[in-house]
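Participant: test case, fold it:
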Amino acid sequence: MSTPVLSKIEALEAKNLRTDLPEFRVGDTVAVHYQIVEGDKLRVQVFKGIVIKRHRAGARSTFTVRKVSFNVGVERTFMLHTPRVQKIEVISEGVVRRARLFYLRELRGKAARVRDVKDRNR
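Facilitator: Modelled structure (predicted):
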């Protein structure tokens, strides 16, 4: 009985999925161009950092990006398929062996680096 409802939900979500976004993984450094409304003005803000988490749930998919700004760690979670995300640029691909990089929260400086794909053999 629940399968027809589920297929209707999946069909509705399939219409809202974006196909113009690049492939990226946890550990990659990305720049997210996000549209912000300030009063009656629209502007695009770029948030650049390391992807520490991805939640894959169809149209409800999210990803969390972490950066350190003025010695304060800042994390922001974005909806993947929202029209507010103008574009996502993959700056570098990281090599990690975890699905969640929450351990980066305690690390500082060089210890918080993620290995790059070109440094994979080291």
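Participant: which helix or strand contains the most centrally placed residue in the chain?
Facilitator: Centroid-nearest residue in the chain: residue 63, 3.5 Å away (criterion: CA atoms, centre = their mean). Residue 63 belongs to strand 62-69 when elements are defined using DSSP states H and E.
Participant: following element in sequence after that strand, please.
Facilitator: Once the chain leaves strand 62-69, the next helix or strand it forms, by DSSP H and E, is strand 72-79.
Participant: counting by contacts, list what the helix or strand just after that next one packs against.
Facilitator: Where DSSP H and E defines the elements, the next helix or strand beyond strand 72-79 is strand 85-92. Using 3 or more CB pairs under 8 Å, 6 or more residues apart in numbering; DSSP states H and E as the contact definition, the elements that strand 85-92 packs against are strand 29-38. Bear in mind the C-beta positions are built from the backbone N, C-alpha and C, glycine included.
Participant: can you mark which positions in the strand it packs on are buried?
Facilitator: By 16 or more other CB atoms under 10 Å, the buried positions in strand 29-38 come out as 29-30, 32, 34.
Participant: only C-alpha atoms, please: export the strand holding residue 63 in CSV.
Facilitator: Extracted in CSV, the C-alpha atoms of strand 62-69 (Å, rounded to 0.1, in the frame of the first residue of the first chain):
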residue,chain,number,x,y,z
THR,A,62,23.0,18.4,2.0
PHE,A,63,26.7,18.9,2.5
THR,A,64,28.7,20.7,5.2
VAL,A,65,31.7,22.9,4.4
ARG,A,66,34.2,24.0,7.0
LYS,A,67,36.7,26.8,6.9
VAL,A,68,38.8,28.7,9.5
SER,A,69,38.2,32.5,9.4
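Participant: so what touches that strand?
Facilitator: 24, 30, 32, 47-55, 73-80, 101, 104-105, 112 (CB atoms under 8 Å, 6 or more residues apart in numbering).
Participant: any idea of the mean pLDDT in that strand?
Facilitator: Per-residue confidence for strand 62-69 averages out to 94 on the pLDDT scale.
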